[in-house]
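Peer 1: pasting the sequence and the predicted coordinates here, then a few questions.
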Amino acid sequence: EAGVTQFPSHSVIEKGQTVTLRCDPISGHDNLYWYRRVMGKEIKFLLHFVKESKQDESGMPNNRFLAERTGGTYSTLKVQPAELEDSGVYFCASSPRRIVPGELFFGEGSRLTVL
Amino acid sequence: AQKVTQAQTEISVVEKEDVTLDCVYETRDTTYYLFWYKQPPSGELVFLIRRNSFDEQNEISGRYSWNFQKSTSSFNFTITASQVVDSAVYFCALSEAGGTASKLTFGTGTRLQVTL
């Protein structure tokens, strides 16, 4: 069974540009999460989808970030326009409909570097 | 607000040594979950263990053991007879018990390097 896949693995862009990160969760997983780790700091929650609906987006830093999950399958996270402080590793995770608390399946992350 | 502190940024041990990774947490919730995740060089986070705040029993799984002490708000992780394959970044995390309990608050991680 394929795990959570994220694309791209690394993206380097200039300040002001737009980047779109994609996450394909494990097939059949209704819950999808985005987390972010800024260099050297803790991993922080961004948002949680249940199927195509945003369950909790309290961690989204500002309106330059837009997350979507069309059809309840894959998800995209767009940063527009990117700022230097957006650099970090963006993790996607998924879990089945019947949630085992905190047992998330993470992808390998998408590293974003904003110059 | 919840907070997780992993004071050890990096630990280096020689294979077969025992090593303990410290985790201290803060929360106002009376019920919560604690977790440990492992991040190998490939990058993904791998779930290791979950502990409910009502269950203070220590747990052992092979060479891994966890010590949960509510009195000191700590949830330490010990690897016995470490191996090179244990080299990774280890994250301690905390979540409230309500809802999906999947909104995790992570610590900054401890990088463990096991050498021959």
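Peer 2: Yes, it's here. Numbering: from 1, shown residues only, chains lettered A, B, ... in the order given.

Peer 1: the host helix or strand of A:Phe45 packs against which elements?
Peer 2: Using DSSP states H and E, A:Phe45 sits in strand A:43-50. Contacts defined by 3 or more CB pairs under 8 Å, 6 or more residues apart in numbering or on different chains; DSSP states H and E place strand A:43-50 against strand A:31-37, strand A:53-56, strand A:65-68, strand B:105-106. In short, each C-beta sits where N, CA and C put it, glycine included.

Peer 1: list the buried ones in the second one?
Peer 2: For strand A:53-56, the neighbour count (16 or more other CB atoms under 10 Å in any protein chain shown) marks A:55-56 as buried.

Peer 1: partner strands of it, with direction?
Peer 2: Its sheet considered, strand A:53-56 pairs with strand A:43-50 (antiparallel) by DSSP bridges.

Peer 1: angle of the strand it pairs with against strand A:31-37?
Peer 2: Orientation of strand A:43-50 against strand A:31-37 (axes from the mean of the first three to the mean of the last three CA atoms, to 10 degrees) gives an angle of 160 degrees.

Peer 1: chain center to strand A:43-50: distance?
Peer 2: 7 Å (CA atoms, centre = their mean, to the nearest Å).

Peer 1: let me see the residues that make contact with that strand.
Peer 2: A:30-38, A:54-61, A:65, A:67, A:69, A:72, A:75, A:77, A:90-91, B:45, B:91, B:93, B:100, B:102-106, B:109 (CB atoms under 8 Å, 6 or more residues apart in numbering or on different chains).

Peer 1: show me where the chain dips below the pLDDT cut-off.
Peer 2: Reading this off chain A. Applying pLDDT under 70 to chain A flags the ranges A:1.

Peer 1: you answered for a different chain; I wanted chain B.
Peer 2: Within chain B, the stretches with pLDDT under 70 are B:99-101.

Peer 1: how about the strands of chain B, start to end?
Peer 2: Along chain B, counting by DSSP state E, strands occupy B:3-5, B:10-14, B:19-21, B:24-26, B:32-39, B:46-52, B:59-61, B:64-69, B:74-79, B:88-96, B:105-106, B:110-115.

Peer 1: now those in CSV, with mean neighbour count?
Peer 2: Below are these laid out as CSV (neighbours: other CB atoms under 10 Å in any protein chain shown):
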stretch, mean neighbour count
strand B:3-5, 17
strand B:10-14, 13
strand B:19-21, 18
strand B:24-26, 16
strand B:32-39, 22
strand B:46-52, 17
strand B:59-61, 11
strand B:64-69, 17
strand B:74-79, 20
strand B:88-96, 23
strand B:105-106, 22
strand B:110-115, 17
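
Peer 1: out of those strands, which gets nearest to chain A?
Peer 2: Chain A sits nearest to strand B:105-106 of all these, at 4.0 Å, using CB to the nearest CB.

Peer 1: enumerate the residues of chain A near chain B.
Peer 2: Contacts of chain A with chain B, taken as CB under 8 Å from any CB of the partner chain, map to A:3-4, A:31, A:33, A:35, A:40-45, A:48, A:55-56, A:58-59, A:89, A:91, A:93, A:95, A:99-109.
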